[in-house]
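**Student:** give me a model of this one.
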Amino acid sequence: MIVRMSEARVLPDRFEAFHDMIVEAVRTFPDRYPGLLDHEVLVAPPNSLIYVSRWRSEEDLVHYAGENWRDQPVVLPGEDDYLLAPLQVRHFTTASLA
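**Tutor:** Numbering: from 1, shown residues only. Below is the predicted model:
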């Protein structure tokens, strides 16, 4: 499993509208991307929103984000109008606790 975190630093006066846009956009992702195991939106108003998604494999991430999935965030149309800075994307795999 691969955990993908995309962090948006949002203009404070646009935070609510951005939140609503993101939630609406990702709502259909499980139906569109079978390799998406789980996802959630984390918020820390007034500036930070993180989209966390959990993927079955690298191939599934390529299907979602393209060949450059490791380095390039997925940017929705019009998303840049809400942001203080470019999106930041990071990936994690699970480590055994045993």
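**Student:** strands of this protein, start to end?
**Tutor:** With strands called from DSSP state E, the chain shows them at 2-9, 36-44, 48-55, 88-93.
**Student:** can you give me the neighbour number for Arg90?
**Tutor:** By other Cβ atoms under 10 Å, 12 other residues sit near Arg90. Placement of C-beta: from N, CA and C, glycine included.
**Student:** excluding chain neighbours, what is closest to it?
**Tutor:** Nearest residue to Arg90, sequence neighbours excluded (Cβ to Cβ, 6 or more residues apart in numbering): Met5, at 5.0 Å.
**Student:** with Arg70 instead?
**Tutor:** Closest to Arg70 by Cβ to Cβ, 6+ apart is His91, at 6.4 Å.
**Student:** need the pLDDT of the spatially closest residue to Leu49 that is not a sequence neighbour.
**Tutor:** Closest residue to Leu49 apart from its sequence neighbours, by Cβ to Cβ, 6+ apart: Ala8 at 4.8 Å. Here, the pLDDT recorded for Ala8 equals 97.
**Student:** check the offset of the lengthiest helix in the chain from the chain's centre.
**Tutor:** With secondary structure taken from DSSP state H, the chain has its longest helix at helix 15-26. Between the centre of helix 15-26 and the centre of its host chain there is 12 Å, according to Cα atoms, centre = their mean, to the nearest Å.
**Student:** now stretch 74-81
**Tutor:** Taking Cα atoms, centre = their mean, the mean C-alpha location of stretch 74-81 is offset from the chain mean by 12 Å.
**Student:** with stretch 12-24 instead?
**Tutor:** In terms of Cα atoms, centre = their mean, the centre of stretch 12-24 is set 14 Å apart from its chain centre.
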